[in-house]
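> Next one to model:
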Amino acid sequence: MKKIKLKGLLLILLLLTVLFLSFQSLTQTYIFNSSQAYSHVIDLSSPEYEGRKPSTEGNLKALAYAEKLLNDSGFETIRQSFSALVPFIEDKPVFELLDENGQIIKCYIHRKDYKEVLSGYAAGGSVNSKFIIDGKSVYDLKSKIFNDSIVIVNNDYNGKADQDLAYIKAKVKAILIPYSTESILKASGYPGYDKSSFLSKKDKIIKIYITYDVFTQLKSKCKQIEENLFVSENSKINLSLSLSFKNVKTENIIARLKNEKINTSTNDFAYLGFSAHIDHLGKDPDGSYFPGALDNASGVAFVLEMAKVLANYKDILTVNPLIILFNAEENGLCGSEYFVHSNFMNLLKLNLINFDMVASEEPVSYNLLFYQGNKSNHPAKEFALKIRSFGANNDFKFILDNLSSNTDHYPFNEAGYTAASLNQFPESFYHTYNDTVDKVSASGLDQLGKFMEKFILENYTVKKQSLYNIYFVIFILTISIGLHSKIK
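This next block holds a predicted model:
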């Protein structure tokens, strides 16, 4: 009878061991709070933050909002100041079709019928003049009829600087470029490559995109004077665009854990960084603003909640956590470019994950972005493959893009450092007034949050719980062996 009881007790102990280990594997408790993250998206995309354009009151409020949350999570923050070239439209644009008496035939609507061009020699100004549809090559010698005119290009014009100059030399006052309706709806903050050099020159010209419907309407007001050349008849265009470009002071936020403990016994001790850009496109003179909920209140909200996760695991992390909120991303990756070249830290010790447009309500694939250029062994590639592999093993699929240069991983990769971006891109409302909070999914934030928390736990922590499990099993086995001996 005693042997039977001991055998029963032994079986119970073994069963308890199995149940304990199973329970440990099934009951991962996550710190990430998707409801809180979603509330940050609601806040940052609200009218109070006015589209978060660099240097504006809304952007400053967003920085203060994020900084307080980081401080409350146990991080100390540093403001990193830099300059960025940012476009502004001060007054409501005017684009009117006039009859021969100066009466308005049609008043066109900004961001519905037309929008500003920022690149090259583009500038603000006003003009009231005849218009010409130029179907000849840009490089054909322009006649005197082009003097003080508005030209609608229907030729080989593609926005290059030398083409702008060809029209400027012909004394053209404005260039109108037919464009798709979908693209007209989308704003931009990027002034174009090397815009500062153009601003230092005296040559300038108004440039706007118009829809093909507007092009058709304007063409109907023209008569053909020679092959591929049409001139307005009894009508003019009145155009006014108060576009300016300002070098503004703005700031990145960099956050490290308070009382950060750096392992000085090795030079290999690394940083794991989480970043997102906090800026967006601001608002238009009529008060309409760009909420930027998905782009990129979603990324900022996600990183702010991940800061709490990292702080919670600080005692078992094998890396130092680093949080960076970049500014002026929309204006040409200015904040991340400045950070990379600021000598703030040894970037060889940093692995950075950037979040730009995440948790889309619209079901679109996740892109895993990095730029390896012509370097087959770029360190960003190994890091991206590590994330993708972990995703594949956890039902989280990523599409790899190794030549991406359109978000904040790029300056790091271009300089040879390790960074990758997670991104979703539902194009229909991108950079429009319609990038509202309903475009972000709370459940999507939850899914991504749990995935990244698990990624941290399994790759960047001391496995204390695993050790506890081993100790427990050894304890149970010791008792079992003792009982087994008594049975014998």
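> in the stretch 301-450 of the chain, which spans are helices?
Under the criterion DSSP state H, counting those that start in this stretch, the stretch 301-450 of the chain carries helices at the ranges 334-340, 379-392, 410-414, 442-459.
> okay if I get those helices as CSV plus mean neighbour count and mean pLDDT?
For glycine as for every other residue, the C-beta is placed from the backbone atoms N, C-alpha and C. Compiled in CSV, the helices of the stretch 301-450 of the chain are given as follows (neighbours: other Cβ atoms under 10 Å; pLDDT from 0 to 100):
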stretch, mean neighbour count, mean pLDDT
helix 334-340, 24, 98
helix 379-392, 18, 98
helix 410-414, 23, 98
helix 442-459, 18, 98
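> mind showing which ranges of the stretch 151-300 of the chain have poor pLDDT?
Flagging of the stretch 151-300 of the chain using pLDDT under 70 yields the residue ranges 260-269.
> mind listing the strands for it?
Ranges of strands within the stretch 151-300 of the chain are 174-179, 206-211, 222-226, 229-232, 235-241, 243-257, 271-277, based on DSSP state E, counting those that start in this stretch.
> Which pLDDT does the model give the residue most central in space within the chain?
In the chain, the centroid-proximal residue (Cα atoms, centre = their mean) is D356; its distance is 3.7 Å. If you check D356, the pLDDT there is 98.
> residues touching it, list them.
Shown in contact with D356 (Cβ atoms under 8 Å, 6 or more residues apart in numbering): 276-277, 295-296, 299, 329, 407-408, 421-423.
> Phi first, then psi, for it.
Main-chain dihedrals, D356, degrees, to the nearest 10: phi -130, psi 100.
> Apart from its neighbours in sequence, what residue is nearest it?
Nearest non-adjacent residue to D356, counting by Cβ to Cβ, 6 or more residues apart in numbering: T407, 4.5 Å away.
> Give the burial count for that neighbour, as a bare number.
A total of 28 residues lie near T407 under the criterion other Cβ atoms under 10 Å.
> Please list all residues in contact with it.
Going by Cβ under 8 Å, 6+ apart, T407 touches 277, 329, 333, 354, 356, 369, 421, 423.
> Would you report the backbone torsion angles of it?
Backbone geometry at T407, expressed as degrees, to the nearest 10, gives phi -150, psi -170.
> This structure - how does it break down into domains?
Annotated domains of the chain cover 2-24+465-487, 30-85+246-463, 92-241 [automatic domain parsing].
> Can you report how many residues lie near the nearest residue to L457 once chain neighbours are set aside?
Excluding the flanking residues, the one nearest L457 by Cβ to Cβ, 6+ apart is Y313, at 7.2 Å. A count of neighbours around Y313, defined by other Cβ under 10 Å, yields 16.
> repeat for S35
S35: 10 neighbours (other Cβ under 10 Å).
> contacting residues around it?
The contact partners of S35, by Cβ under 8 Å, 6+ apart, come to A442.
> Remind me which helix or strand it belongs to.
Assigned by DSSP states H and E, S35 belongs to helix 34-44.
> tell me how far that helix is from the chain's mean position?
What separates the centre of helix 34-44 from the centre of its chain is 17 Å, taken as Cα atoms, centre = their mean, to the nearest Å.
> Check which residues of that helix are buried.
Residues of helix 34-44 classed as buried: 34, 37-38, 40-41, 43-44 (neighbour count, 16 or more other Cβ atoms under 10 Å).
> ditto for stretch 84-97
Neighbour counts over stretch 84-97 (16+ other Cβ under 10 Å) mark 84-89, 93, 95-97 as buried.
> mind putting the residues you listed in CSV, distance to D162 and secondary structure included?
Below are those laid out as CSV (distance: Cβ to Cβ, whole Å; DSSP: H, G, I helix; E, B strand; the rest coil):
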residue, distance to D162, secondary structure
A84, 27, strand
L85, 22, strand
V86, 26, strand
P87, 22, strand
F88, 27, strand
I89, 27, strand
P93, 27, coil
F95, 26, strand
E96, 31, strand
L97, 30, strand
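> Tell me the one of those residues nearest K386?
Distance ranking of the buried residues of stretch 84-97 against K386, using Cβ to Cβ, places A84 first at 32.5 Å.
> give me every residue that touches that closest one.
Residues in contact with A84, defined by Cβ under 8 Å, 6+ apart, are 54-55, 247-248, 250, 327-328, 331-332, 334-335.
> same thing with I168?
Neighbour list for I168: 121, 203-205 [criterion: Cβ under 8 Å, 6+ apart].
> Could you double-check that Y212 lies in contact with L176?
No - look at Y212 against L176 with Cβ atoms under 8 Å: they stay out of range, at 11.7 Å.
> For G125, which non-adjacent residue is closest in space?
Spatially, and ignoring its direct neighbours in sequence, G125 is nearest to I206 (4.9 Å; Cβ to Cβ, 6+ apart).
> oh sorry, the question was meant for V340
Closest residue to V340 apart from its sequence neighbours, by Cβ to Cβ, 6+ apart: P411 at 4.4 Å.
> ok, that neighbour to K195 distance?
Separation of P411 from K195 (Cβ to Cβ, to the nearest Å): 18 Å.
> wait, what's in contact with S288?
Contact analysis of S288 by Cβ under 8 Å, 6+ apart lists 111, 433.
> So what does it look like in phi/psi?
The phi/psi pair for S288 (degrees, to the nearest 10) reads phi -60, psi 130.
> Just want to check the distance between it and K112.
Applying Cβ to Cβ, the value for S288 to K112 is 11 Å.
> Tell me where the stretch 1-150 of the chain has strands.
75-89, 94-99, 104-107, 114-116, 125-129, 131-134, 150-153.
> can you redo these as JSON lines with distance to G159?
Below are those laid out as JSON lines (distance: least, Cβ to Cβ, whole Å):
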{"stretch": "strand 75-89", "distance to G159": "16"}
{"stretch": "strand 94-99", "distance to G159": "19"}
{"stretch": "strand 104-107", "distance to G159": "26"}
{"stretch": "strand 114-116", "distance to G159": "13"}
{"stretch": "strand 125-129", "distance to G159": "18"}
{"stretch": "strand 131-134", "distance to G159": "15"}
{"stretch": "strand 150-153", "distance to G159": "9"}
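> I'd like to know which of those is closest to S232.
strand 131-134 (4.7 Å).
> Give the burial count for the residue lying closest to H40 once chain neighbours are set aside, as a bare number.
In this structure, H40 finds its nearest non-sequential neighbour in A301, 3.5 Å apart by Cβ to Cβ, 6+ apart. Per other Cβ under 10 Å, the neighbour tally for A301 reads 30.
> again with the one 4 residues further on
Using other Cβ under 10 Å, E305 is surrounded by 26 other residues.
> didn't it look like it was pressed against H40?
Yes - counting by Cβ under 8 Å, E305 touches H40, with 7.4 Å between them.
> Compute the first-to-last residue distance for stretch 39-49.
Length of stretch 39-49, first residue to last, Cα to Cα, to the nearest Å: 14 Å.
> oh, I was asking about stretch 281-288
In stretch 281-288, first residue to last residue: 11 Å (Cα to Cα).
> and what of stretch 108-123?
One end of stretch 108-123 to the other measures 20 Å (Cα to Cα).
> and what of stretch 165-173?
Start and end residues of stretch 165-173 are separated by 11 Å (Cα to Cα).
> Give the buried residues for stretch 213-228.
Neighbour counts over stretch 213-228 (16+ other Cβ under 10 Å) mark 214-215, 217-219, 221-222 as buried.
> Repeat that for stretch 51-71.
For stretch 51-71, the neighbour count (16+ other Cβ under 10 Å) marks 51-56, 58-59, 61-63, 65-67, 69-70 as buried.
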